[in-house]
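Visitor: Build me a model:
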Amino acid sequence: MVGVIFPSKLGLKAVNIGVNFFALLFNFVSYFLDKVYNITFVKDNLLETESSRGISPVIATIVVIAVAVAISLGVAFWASGLVGTFSRFEKLEVVNSYVTRDVNDYTIVVSYKNSGSSDITLTEIFVSDKPLSQFWSSATVNGSSFTQVSIPAGTDGMLSISFPDVGGVKAFVEGQAIEVKVQSSSGVYYIGTFIIP
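Guide: Next up, the predicted model:
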């Protein structure tokens with residue numbers, strides 16, 4: 001699928017953003033403490049004051065660390081929410097499929113399972129590259145005319161496409177190979193090939 005951001009890559013980006021943000025925040029707080037309270041960080045990470053009117057170096061260090069940790073946690077929680085949003089994917093597995101011939105119709109049966117993390121809505125069915133209604137106008141899906149089929153994440157079900165004979169004319173010929181293509185609302189196609197018995 002094009003454009004999918006995998007959680008591991010997004011997680012690394014979030015960590016990189018968090019580290020850069022922490023460094024920027026540390027520099028800002030250091031500058032603020034230096035200009036307002038005359039407290040500067042020296043080479044050995046010890047605080048040095050130029051006058052007695054500043055705050056305690058220990059308290060200043062604790063404040064800097066507390067603010068940086070709080071903001072870093074906020075960025076981490078925000079980034080983990082993005083991972084959940086962008087890592088949702090659509091995956092429809094075909095468990096079983098076959099074609100049957102009854103007295104007056106052909107039926108294509110597809111058992112499926114939505115093993116992805118997002119719901120799937122099937123919006124169109126094509127038979128031999130023609131929309132179902134154009135291929136066989138009297139075709140039905142699960143006993144009625146086809147509109148849409150919604151498949152919640154983690155569920156399984158069955159799609160039964162019937163092609164009743166019309167005036168003694170059959171929809172298919174014995175031994176014919178047909179391609180059935182089902183399109184989801186996100187533009188993904190699920191394709192199956194069947195041999196007519």
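Visitor: Would you mind identifying the next helix or strand past the lowest-mean-pLDDT helix or strand in the chain?
Guide: The weakest-scoring helix or strand in the chain, judged by mean pLDDT, DSSP states H and E, is strand 47-49 (a mean of 51). Going down the chain from strand 47-49, the next helix or strand is helix 57-86, by DSSP states H and E.
Visitor: Could you pull up phi and psi at residue 177?
Guide: phi -100, psi 130 (degrees, to the nearest 10).
Visitor: Neighbours of it, how many?
Guide: Number of residues near residue 177 (other C-beta atoms under 10 Å) recorded here: 10. From N, CA and C alone the C-beta is placed, and that goes for glycine too.
Visitor: Skipping adjacent residues, who's closest to it in space?
Guide: residue 195 (5.5 Å; C-beta to C-beta, 6 or more residues apart in numbering).
Visitor: Quick check: the gap between that neighbour and residue 111.
Guide: Residue 195 is 18 Å from residue 111, where distance means C-beta to C-beta, to the nearest Å.
Visitor: now swap in residue 162 and tell me
Guide: 16 Å.
Visitor: For these two, work out which one has more neighbours and name it.
Guide: Comparing residue 162 with residue 111 by other C-beta under 10 Å, the one with more neighbours is residue 162, at 20 against 15.
Visitor: With that, I have no additional questions.
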